[in-house]
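> sequence and predicted structure below; questions after.
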Amino acid sequence: MIRTVIVDDSELFRAGLRMIVESGSGTTVVGEATNGIDAVSLVESLPGEIDVVLMDIDMPGLNGVDATARILDLDAPPKILIVTTYAVDNLAYNAIMAGASGFLLKDTPPDALLSAIEATHRGTAVVSPQMTRQLLCSVSPQRAGIPADDSVRRRWESLTDRERDVLEAIAQGLNNAEIADKLFIAEVTVKTHVGRVLRKLDVRDRIQCVVFAHTAGLVSD
């Protein structure tokens with residue numbers, strides 16, 4: 001069972017999100033917080049008992065970015081999945097750099113939200129497709145921690161044809177199952193290719209992989 005915490009200053013949204021999470025066969029809610037300060041305190045009070053935090057960004061007191069950074073500084077912290085009203089802004093970018101595992105919009109369908117929680121728990125970075133383009137517009141290679149030098153081309157050339165196919169699919173915002181369907185290969189094979197792509201490009205996760213691919217001009221928009 002994936003244990004989640006919901007952090008949002010809207011009681012109505014927390015109630016709706018709890019209903020969705022509790023409807024999943026493998027997910028449950030173990031706590032709620034109305035702001036970043038309470039979120040950090042809650043995680044500290046339940047060491048090792050929280051798997052994924054569903055974090056809003058724009059909250060009073062301590063915003064989701066700073067709360068994410070503080071939580072991830074704790075020993076054995078949970079994963080952080082940002083669930084926000086706004087597609088991408090500076091706070092969203094800063095949350096990426098703070099270590100958030102992904103971003104979803106608050107109007108994400110329930111099934112997609114549950115799948116994102118499961119993916120985040122597995123260690124897969126999640127970005128909803130509709131957010132990808134706007135995320136790319138808000139960052140540069142240097143800002144994303146990606147070196148803008150000749151090594152970029154060398155890394156691209158180190159990829160096999162199949163790994164390049166997988167990279168393009170990642171850049172389109174597809175998850176592993178969708179990539180498997182698109183390329184007519186097994187999902188476990190996709191997972192292997194994704195790991196190799198991340199390693200060869202020397203990027204932290206799928207989010208940096210997407211930014212790398214687009215800002216380096218390695219895939220088309």
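Yep, that arrived.
> residue ranges of each domain in this protein, please.
Per automatic domain parsing, the structural domains of the chain span 2-133, 151-215.
> now these in CSV, with mean pLDDT?
Shown next, in CSV, are those (pLDDT from 0 to 100):
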stretch, mean pLDDT
domain 2-133, 89
domain 151-215, 86
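> any chance of these in JSON lines, plus mean neighbour count?
Where you see a C-beta, it was placed from the backbone N, CA and C, and this is true even at glycine. As requested, those are exported to JSON lines (neighbours: other C-beta atoms under 10 Å):
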{"stretch": "domain 2-133", "mean neighbour count": "19"}
{"stretch": "domain 151-215", "mean neighbour count": "18"}
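> do you know how far Glu22 is from Ile2?
Distance of Glu22 to Ile2, given as C-beta to C-beta, to the nearest Å: 12 Å.
> any common contacting residues for the two?
Thr28 (C-beta atoms under 8 Å, 6 or more residues apart in numbering).
> tell me the secondary structure at Ala67.
helix (DSSP: H, G, I helix; E, B strand; the rest coil).
> skip ahead from the longest helix along the chain and say which helix or strand is next.
Using DSSP state H to define each element, the chain has its longest helix at helix 187-201. Following helix 187-201 in sequence order, the next helix or strand is helix 206-215 (DSSP states H and E).
> C-alpha coordinates for that next one, PDB please?
The C-alpha trace of helix 206-215 is given here as PDB (Å, rounded to 0.1, in the frame of the first residue of the first chain):
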ATOM      1  CA  ARG A 206      13.000  12.000 -16.800                       C
ATOM      2  CA  ILE A 207      12.400  15.700 -16.100                       C
ATOM      3  CA  GLN A 208      16.000  16.600 -16.800                       C
ATOM      4  CA  CYS A 209      15.900  14.200 -19.700                       C
ATOM      5  CA  VAL A 210      13.000  16.100 -21.400                       C
ATOM      6  CA  VAL A 211      14.700  19.400 -20.800                       C
ATOM      7  CA  PHE A 212      18.000  18.100 -22.100                       C
ATOM      8  CA  ALA A 213      16.500  16.700 -25.300                       C
ATOM      9  CA  HIS A 214      14.600  19.900 -26.200                       C
ATOM     10  CA  THR A 215      17.100  22.600 -25.100                       C
END
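> those helices in this protein, which residues are they?
Counting by DSSP H, the helices of the chain are 11-23, 36-45, 64-72, 90-98, 110-122, 129-137, 151-157, 161-171, 176-183, 187-201, 206-215.
> what would these look like in a markdown table with distance to Ile57?
Formatted as a markdown table, those follow (distance: least, C-beta to C-beta, whole Å):
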| stretch | distance to Ile57 |
| --- | --- |
| helix 11-23 | 13 |
| helix 36-45 | 10 |
| helix 64-72 | 4 |
| helix 90-98 | 5 |
| helix 110-122 | 16 |
| helix 129-137 | 12 |
| helix 151-157 | 30 |
| helix 161-171 | 24 |
| helix 176-183 | 26 |
| helix 187-201 | 26 |
| helix 206-215 | 15 |
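> how near is the nearest residue to Asp56 once chain neighbours are set aside to Thr34?
Nearest non-adjacent residue to Asp56, counting by C-beta to C-beta, 6 or more residues apart in numbering: Asp8, 4.2 Å away. Distance of Asp8 to Thr34, computed by C-beta to C-beta: 7 Å.
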